[in-house]
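Participant: model this:
(2 chains)
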2 protein chains.
Amino acid sequence: MSAKDRQSIEAGESERRRIRNGELKGPTAGLAPGNVQANLVILPQALAHDFLRFAQANPKPCPVLAVSEPGDPRLPSLGDDLDIRTDLPRYRVWRKGELVDEPCDLKSVWREDLVSFALGCSFSFETALLEEGIELRHMTCGSNVPMYRTSIPCTPAGPFHGPLVVSMRPLRPEDAIRAIQITSRFPAVHGAPVHLGLPEMIGVRNLDKPDYGDAVPVRSDELPIFWACGVTPQAVIATVKPEFCVTHAPGSMLVTDLRNSKLAAL
Amino acid sequence: MSAKDRQSIEAGESERRRIRNGELKGPTAGLAPGNVQANLVILPQALAHDFLRFAQANPKPCPVLAVSEPGDPRLPSLGDDLDIRTDLPRYRVWRKGELVDEPCDLKSVWREDLVSFALGCSFSFETALLEEGIELRHMTCGSNVPMYRTSIPCTPAGPFHGPLVVSMRPLRPEDAIRAIQITSRFPAVHGAPVHLGLPEMIGVRNLDKPDYGDAVPVRSDELPIFWACGVTPQAVIATVKPEFCVTHAPGSMLVTDLRNSKLAAL
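Facilitator: A predicted model of the protein is given here:
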């Protein structure tokens, strides 16, 4: 293990410990810089296999970083001490598709049949873009990235089906080309864009009216660039209305011990 | 040396022999499929160093594959038997910027101070795009790729200066993303595009009026994608009006022994 690996592990463990102890309740953006943060989906075992098949068939919106054993709150490949019941600042608990609670831990709702999925998140590739000096408009605006339901269907699996949701970042053409090169290196965190420049082709009629997040200005010297978005599985699960489901609360991600650069394909 | 290397060498040598013997006078597109073809520039030694500096500073339009010794007609790294004086179907001889002849060999004009430059050509990356099933409109139309002088200046070196010339290929957005990934692997043959989508940003006002080549239709579900073009050094040399210069005639390239896949960075 390299010194850098040890640093990443210490940073991940330290932030999770603060979250677990209730010292940190806010959004996780900026915590353990350079470490992978993950979207969380927890489903009963009865649905887990179909969901994993769905993710496997739709790797761009649903890049799987780790899957737990049923009932096991650990995801050791993402952090030795990681306990999925306590290590996110805030969760969303869903019953039959209804949001019923936003607790700070899952101790009171944990069940022996729950399977946890950690899915790659755009934070990782956004870090790589920022390091290249590429401006991310929603960050400049201090808002959430705008997200849109597209006319592109995901590949269905069991009860899971629905449209691809995309996030949009406006970029100048030369930055768009560089961003495609950079994000292509990160297939485990949504990878290359799925579309650019002609939003109506993917069923996005009005950039000013995102289905999730906040609109951002697109300047006349910029093109809208669209990446597959981790909201896709959440939107798909919402239509299935499982009897029980947990997700991370928006912005409250799972901080892992992995370094983003470890996810780079090249 | 692998069997495949041997095949590439045999194909290159065989086509150059046919050209050298006058059996093949036409364009070289499609000869020795899979082998690298190159643009040719021959300059007096007095200008060679500045031109090489210009190419070094502008690698996207001027990717240097090989440079000869002064007066030496060989480029052994591109083919053992290669003789630059005889191995292209047709040349253009320029004196003080004027096209004075289009001979089939250079025997009568060869000088002991001439330096040959073989520059990467878009044939190589177009092969990679076609292999991926991406339509190239100018091929579908049976015409030359449209090329445009841009408002982007090349980095000058000595007397060499001038605008970047780009070639344009219309692609659907998903093909554009794939094409950026593919051509990024080929930095020695122009590499990734330099622009897409907003031609006026690079000083291209009318796609229907290319400065070189032929216009092609851009459909409503396509974006114009622009790559740095090997016509750039030719246009730049024309403004310098060297007392003597040779280039390949359009479409009559140098067929080498190198396989395109050998140029792939990844």
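
Participant: Can you pull the residues of chain A lying near chain B?
Facilitator: Taking C-beta under 8 Å from any C-beta of the partner chain as the criterion, chain A approaches chain B at residues A:172-174, A:176-177, A:180-181, A:184, A:192-198, A:201, A:221, A:223, A:266. The C-beta positions use only the backbone N, C-alpha and C, and glycine is treated the same way.

Participant: go with 6 Å
Facilitator: A:173, A:177, A:180-181, A:184, A:192-193, A:195-198, A:201, A:221, A:223, A:266 (C-beta under 6 Å from any C-beta of the partner chain).

Participant: What is the nearest of these to B:Ala249?
Facilitator: Lowest distance from B:Ala249 to those (C-beta to C-beta) belongs to A:Ile177, with 31.8 Å.

Participant: List the contacts of that closest one.
Facilitator: B:180, B:192-193 (C-beta atoms under 6 Å, 6 or more residues apart in numbering or on different chains).

Participant: Show me the contact partners of the lengthiest helix in chain A.
Facilitator: Longest helix in chain A, counting residues (DSSP state H): helix A:3-20. The contact list for helix A:3-20 (C-beta under 6 Å, 6+ apart) reads A:24, A:31-32, A:35, A:79, A:81, A:86-87, A:89, A:255-257, A:259.

Participant: hmm, try it at 7 Å
Facilitator: For helix A:3-20, the external contacting residues (C-beta atoms under 7 Å, 6 or more residues apart in numbering or on different chains) are A:24, A:31-32, A:34-35, A:79, A:81-82, A:86-89, A:255-259.

Participant: Got a quick PyMOL command for the buried subset of those?
Facilitator: Of the contacts of helix A:3-20, the buried ones go into a single PyMOL selection, burial set by 16 or more other C-beta atoms under 10 Å in any protein chain shown:
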select buried, chain A and resi 24+31+32+34+35+79+82+86+87+88+89+255+256+257+258+259
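
Participant: I'd say A:Leu136 and A:Thr127 touch.
Facilitator: No: using C-beta atoms under 7 Å, A:Leu136 makes no contact with A:Thr127, being 10.1 Å away.

Participant: which residues in chain A form helices?
Facilitator: Counting by DSSP H, the helices of chain A are A:3-20, A:45-57, A:122-131, A:137-140, A:173-184, A:231-240.

Participant: and the second one, which residues are buried?
Facilitator: For helix A:45-57, burial by neighbour count (16+ other C-beta under 10 Å) applies to A:47-48, A:50-52, A:54-55.

Participant: same check, this time on the fourth one
Facilitator: Of all the residues in helix A:137-140, those buried under the rule 16+ other C-beta under 10 Å are A:137-138.

Participant: and the contacts of A:Ile177, which are buried?
Facilitator: B:180, B:192-193.

Participant: and those residues as a markdown table, adding pLDDT and distance to A:Thr247?
Facilitator: Output for the buried ones among the contacts of A:Ile177, formatted as a markdown table (pLDDT from 0 to 100; distance: C-beta to C-beta, whole Å):
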| residue | pLDDT | distance to A:Thr247 |
| --- | --- | --- |
| B:Ile180 | 97 | 33 |
| B:Ala192 | 96 | 37 |
| B:Pro193 | 98 | 38 |
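
Participant: A:Leu130: how many residues sit nearby?
Facilitator: 12 (other C-beta atoms under 10 Å in any protein chain shown).

Participant: Same question for the one 5 residues further on.
Facilitator: Here the number of neighbours of A:Glu135 (other C-beta under 10 Å) works out to 14.

Participant: how about it, phi and psi?
Facilitator: Reported as degrees, to the nearest 10, the phi and psi values for A:Glu135 are phi -70, psi 130.

Participant: and if you look at the one 10 residues further on?
Facilitator: Geometry field for A:Val145 lists phi and psi as phi -60, psi 140, criterion degrees, to the nearest 10.

Participant: Identify the residues contacting it.
Facilitator: With C-beta under 7 Å, 6+ apart, A:Val145 has these contacts: A:138, A:167, A:169, A:213.

Participant: any chance of these in a markdown table, with pLDDT too?
Facilitator: Compiled in a markdown table, the contacts of A:Val145 are given as follows (pLDDT from 0 to 100):
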| residue | pLDDT |
| --- | --- |
| A:His138 | 95 |
| A:Ser167 | 96 |
| A:Arg169 | 98 |
| A:Gly213 | 92 |
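
Participant: closest to B:His248 among these?
Facilitator: Using C-beta to C-beta, A:Arg169 comes nearest to B:His248 of the contacts of A:Val145, at 42.0 Å.

Participant: Where does pLDDT dip in the stretch 101-250 of chain A?
Facilitator: Within the stretch 101-250 of chain A, not a single segment meets pLDDT under 70.

Participant: Can you give me the domain boundaries for chain A?
Facilitator: Annotated domains of chain A cover A:3-121+A:241-263, A:124-233 [automatic domain parsing].
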